[in-house]
Every structure is written in structure tokens, then in C-alpha cells.
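Q: With the sequence up front, the predicted model follows.
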Amino acid sequence: MIGWQIAERGKLTKINKIEQLEGIDSVKVKITKTLITEDDVASIMDEKPPLLIPGRMAIGQITEIPYESEYLKKGTKVGISAVRNCGKCNNCLRGKPEKCSDMFVAGKNVDGFLKDFAVLSTSDVFPFPKNTDENDVLYLEYVSLALSVIDRLKIEKGQHVAIIGASALGSAIAQLVIYYQGVPILIDDDDDNLMLAKKSGIYYTIKSGAKAEKEISSITGGRMPDKVVFVTGSDISPEMAFKISAPFGNVAFAGFSEVRARSAFNVALDKQLTCNFVTCGYGNAETAINLLANKAIDFTNYYVPLTKMDKVEQNIQKMCDAYEKKEKVADLLIDMLG
Ligand SMILES: [Zn+2]
């Protein structure tokens, strides 16, 4: 297996090691495309980075499988779940894997998919219907996480949901709110992000700033939203989530990266809000694949050009430089076939 591993802060090194099947429940997958996002770059640029292979989002094709089934066989194209429960903690042992206290997350605390082959458990690979655009399947982890957010906030029909942060993940959450018949209000400080969200079918998009609260108030008939989602990679202050929430509202902080800006919790205290934290979409991959197959969530507006594998180090270096300068970090899609 050829891959790239974090050697030190901001630096990747090419590695070569042998990967073999680990038993009858494992499969060997040829990784065909890997999507490197700002979350991966945040890991690479961490003060104490994890010395592992980055890359949370990838798709591939099965090349070896001990027992073929109708569902999984050699040549099957698959989406890959980046999250696995530990199997050893109290909650795992009590049959509550979704509440695992030690989740393995690819590219965060176990090897990710910036490599040409991966050995995975059969329960972590998901075939997708033929008519599905494989470029949408790359975003599987976002849809799984968005499903966890919807579930945690118990979003109801007709309800306004404010979402702060119009990244591809924020857009996925907003599109899923529409799917469940809620009304998303998407907020961001970047005009381009808001434009992409609008193209993706989000009706209410609002630029953060002095007038934002007033606009949200007018959309919600003065009541303000009961449900607010703050996407953790956003540059906006988390305090905004508390400010725009209705009293006794529910706020969810959702995403794979850490919250960047510091925030005072006093507004949340005054309004007696309920705060939720959602950092993975464990158990939702199958539902997520179906949503993508039906184009209930569409990432077409977020696709980025396919780049060559031999430019990996160079291209990720550019992302790290942009991250360091606090500039916008564009996603990088790598053709792992060459
Ligand atoms: Zn566990």
C-alpha cells in the first residue's frame, strides 16, 4: 500500500506498507478517489498532529473479499464509513455502540484514506445503486452527520432551523432539513458560500453581520428559531447561535473540527437553552447512501476538479498555507488511480 502520513505539523511523508485481510469479515478496497477537506488540514496543522494517514472521505472498489455475497463482491463500488465504534468501552459492551465513548474516526485517531488500498470491515463499506453519482457518495460522512443532527434536534414539519456556516456540510444539513419538511435559514459571512447554497435549493440565505438578527426575526415572524445549528468549522462567533435562538431553544454544535472562536455562554444561560454536540454520524451510512441515490441531497455545486496523485504533497501544502493565513481552504479531490 502506498500512502501519505503526517510526519510533523504541516508535513506529509510518502509511505509504503503491506496491508492484508484481517479475517472473514474484512475486505480489501482499492481507493479510487479521496477528498481532502479543511477538517483534514486542521489535523495536519494541529500543534500536536496525529502521526497517521489523513483523509476522512473516500470511495473505492472491492478487490479482495473472503466470502462474496449478492451485496458485496469483487468489483463492487463502495462508499466508506469513516466512523467505527471501539467495541470495548462501557457503552459498546452494553450494546449501545452509537454512544461509544471512544469512536475511531478515520484521519483523526486512526488512519484515513489518503492511500491506494485499505483493509476494512465489511460493515464499513456501502455499495451504492448504479444511478448514483459517485462524486456525491464522497460526501457520505457529511450526510450521516447531518442525519445525526436532525435526529438530535428532533426537527418537526414547518419548523424554522437556523444553520450558521454555509460550507458543504452546512448546505447538507440545510438540504436535509428541507427533506424533513423544515425551513432552513442558512447564515454565513461569505457571499460565495451563500450563493452556492442558494443554487442548491436553500431559499433563506443570510449574510452574518449587524442586520442578520433582524432578518431572521422577520422570517420567523418575530419568534426566532427554536432550533439552531452551529457548524464547527465556521469563522462566525458561536455566541451568534445563542443570540438568534428563541428562549428554551435547542442549539447543536455540529462538525468534525473544533470550534475556532471562543464564546461566552451567558446568553445561553439567560435563555436556558439546551446545547447538543454532534461530532459524527455513526450508524447512518446506509440511510445516507439512499438519500444520495435519490438526489435528496445534491453536492453538484460543491464538486471540485480531479487532481493527480503525484501532486498530492504540493497541493496539500497549498491548503496548509491557506489555512495558516486564515484564508479559505478549498477541498482537494485526488484521483487515487494515478
Ligand atoms: Zn466503544
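A: The structure has been received and is ready for your questions.
Q: and Asp40, how many residues sit next to it?
A: 29 (other Cβ atoms under 10 Å). No exception for glycine: its C-beta is placed from N, CA and C like everyone else's.
Q: what's the burial count for the residue lying closest to it once chain neighbours are set aside?
A: Nearest in space to Asp40, with sequence neighbours left out and distances taken as Cβ to Cβ, 6 or more residues apart in numbering, is Pro54 at 4.4 Å. Pro54 sits with 29 neighbouring residues when counted by other Cβ under 10 Å.
Q: just Glu286 next, same as before
A: 12.
Q: and if you look at Ser26?
A: 18.
Q: Lys198 too?
A: 16.
Q: Quick check: residues of the stretch 101-250 of the chain near the ion?
A: By the rule Cβ under 5 Å from the ion, the part of the stretch 101-250 of the chain lying against the ion is Asp102.
Q: residue in the stretch 101-250 of the chain nearest to the ion?
A: Of all residues in the stretch 101-250 of the chain, the one sitting closest to the ion is Asp102 (5.0 Å; Cβ to the ion).
Q: residue contacts, the nearest residue in space to that residue that is not next to it in sequence?
A: Once flanking residues are discounted, Asp102 sits nearest to Cys86: 4.1 Å by Cβ to Cβ, 6+ apart. Counting by Cβ atoms under 8 Å, 6 or more residues apart in numbering, Cys86 touches 92, 100-104.
Q: Tell me how far Cys86 lies from Ile202.
A: 36 Å (Cβ to Cβ, to the nearest Å).
Q: now do Met224
A: 19 Å.
Q: now do Val183
A: 10 Å.
Q: again, but for Ser208
A: 15 Å.
Q: Spell out which residues make up each domain of the protein.
A: Here the domain parsing of the chain from automatic domain parsing is 2-138+299-335, 142-278.
Q: Single out the most deeply packed of those domains.
A: domain 142-278 (a mean of 20; mean count of other Cβ atoms under 10 Å).
Q: Distance from that one to the middle of the chain?
A: 16 Å (Cα atoms, centre = their mean, to the nearest Å).
Q: before we move on, what SS does Gly75 have?
A: Three-state call for Gly75 (DSSP: H, G, I helix; E, B strand; the rest coil): coil.
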